[in-house]
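[1] please work out how this folds:
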Amino acid sequence: MCMGFGCNAAGVVGCRIIDSPREKLIAILTNAFVPCNGRFPFLITIAGIFIGASVASGFASSLVSTLVVLSVILLGIVMTLLISKLLSKTILKGVPSSFMLELPPYRKPQIGKILVRSIFDRTLFVLGRAVSVAAPAGLVIWLFANITIGNISLLTYVANFLNPFANLMGLDGYILTAFILGLPANEIVLPIILMSYMQKGVLVDLEDNFQIGQILLQNGWTLLTAINVMIFTLLHFPCSTTLMTIKKEAGGWKWAIIAFVLPTVCGIVFCMITTGVWNLVNLFV
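    Model (predicted):
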């Protein structure tokens, strides 16, 4: 779980140390419930624009934003424990293994061997998977944004198709489309959203939070939208690199598909519940 805060793919690889195949699978399938380094910038940006800045200013705003992001992290940890318990009682039933900590034999570190294994067997291996998906995915995003039918881009057609379902989640079609197209890397979800709203043909990367906030507000974002975006940022399918790593480590696409579906279903349900409660409260206020 802790390695997943840096990279979910690295967290999945780290599950190799678990002796029990059943518990290894549970750890692999629930690793994506904690936000990786690619999701944190999006969470921090949205928390700062829509929650921190709306209730306070200066240091107090930063403190509120920090507490909001911390709450999202805690939600991810709670979901990890709950889903782990659910899996251990259903499709991955079994007797819990005993925990035994055994000290390894002491050996002189071999620096050269460590560097070679860490670079070729870990770093390049994961980066190779990322590149193999990122290149064609970048082409797909460009095509969606630049191919037009009747002066309307394919991206807009897809967003309009997804819009009714997205509204049930308190989102809009462009947001949901951005998450889908952001499968190669979580870092590009916000740039795709901005690209869609601004009707640009390339990804948009803005560093000014005020400017980002103005664009989002002009396109109908509310506090409810921000909350649901943060929830779905936490609870949605892992990136393509993580899914490919799960396929290798778990021994088949079946487990990668389950790892895709589990957090996504949880995110959809949570967003729908949040939207329903929000609308219900507004009826009586």
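[2] please make it C-alpha for all contacts and neighbour counts, starting now.
    Will do.
[3] T45 versus E207, what's the distance?
    According to Cα to Cα, to the nearest Å, E207 stands 10 Å off from T45.
[4] pick out whichever of the two has more residues nearby.
    Just comparing E207 and T45: by other Cα atoms under 10 Å the higher neighbour count belongs to T45, 21 against 9.
[5] nearest spatial neighbour of the more buried one, skipping sequence neighbours?
    Spatial nearest neighbour of T45, chain neighbours left out: N209 (6.9 Å); criterion: Cα to Cα, 6 or more residues apart in numbering.
[6] burial measure for the one you found, as a count.
    N209: 13 surrounding residues under other Cα under 10 Å.
[7] cool, and L190?
    Residues lying near L190 (other Cα under 10 Å) number 24.
[8] which is the next helix or strand following the helix or strand that contains it?
    Per DSSP states H and E, L190 falls inside helix 189-197. Next along the chain after helix 189-197, taking DSSP H and E as the criterion, comes helix 209-218.
[9] what's the angle from that following helix to helix 189-197?
    Interaxial angle of helix 209-218 relative to helix 189-197 (axes from the mean of the first three to the mean of the last three Cα atoms, to 10 degrees): 50 degrees.
[10] rounded mean pLDDT for helix 209-218, please.
    What helix 209-218 shows for mean pLDDT is 89.
[11] packing partners of that helix?
    Helix 209-218 sits against helix 189-197, with contacts defined as 3 or more Cα pairs under 8 Å, 6 or more residues apart in numbering; DSSP states H and E.
[12] okay, the helix it packs on in PDB with CA atoms only?
    C-alpha atoms of helix 189-197 as PDB (Å, rounded to 0.1, in the frame of the first residue of the first chain):
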ATOM      1  CA  VAL A 189      -6.700  14.000 -16.900                       C
ATOM      2  CA  LEU A 190      -6.800  17.700 -16.000                       C
ATOM      3  CA  PRO A 191      -5.000  18.800 -19.300                       C
ATOM      4  CA  ILE A 192      -7.600  16.800 -21.300                       C
ATOM      5  CA  ILE A 193     -10.400  18.500 -19.400                       C
ATOM      6  CA  LEU A 194      -8.900  21.900 -20.000                       C
ATOM      7  CA  MET A 195      -8.300  21.000 -23.700                       C
ATOM      8  CA  SER A 196     -11.900  20.000 -24.100                       C
ATOM      9  CA  TYR A 197     -13.400  23.100 -22.500                       C
END
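[13] what sits up against that helix?
    42, 145, 155-156, 174-175, 178-179, 181-182, 201-206, 212, 215-216, 219 (Cα atoms under 8 Å, 6 or more residues apart in numbering).
[14] taking those residues, please make a ChimeraX selection of just the buried ones.
    To isolate the buried members of the contacts of helix 189-197 in ChimeraX, using 16 or more other Cα atoms under 10 Å:
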select :42,145,155,156,174,175,178,179,181,182,201,202,203,204,212,215,216
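[15] and W142, how close does it get to V202?
    From W142 to V202 the distance is 7 Å (Cα to Cα).
[16] where does the stretch 1-150 of the chain dip in pLDDT?
    Scanning the stretch 1-150 of the chain for pLDDT under 70 picks out 1, 56, 94-104, 114-135.
[17] what segments of the protein are strands?
    With DSSP state E as the criterion, the chain has strands at 148-149, 152-153.
[18] walk me through which strands the first one pairs with, and which way each runs.
    Using DSSP bridges, the neighbouring strands of strand 148-149 in the sheet come out as strand 152-153 (antiparallel).
[19] mean confidence for the partner strand?
    87.
[20] re earlier: mutual contacts of E207 and T45, please.
    Shared contacts of E207 and T45 (Cα under 8 Å, 6+ apart): none.
[21] hang on, the earlier thing: turn the strands of the chain into TSV, columns for distance to N8 and mean neighbour count.
    TSV is the format used below for those (distance: least, Cα to Cα, whole Å; neighbours: other Cα atoms under 10 Å):
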stretch	distance to N8	mean neighbour count
strand 148-149	36	12
strand 152-153	33	16
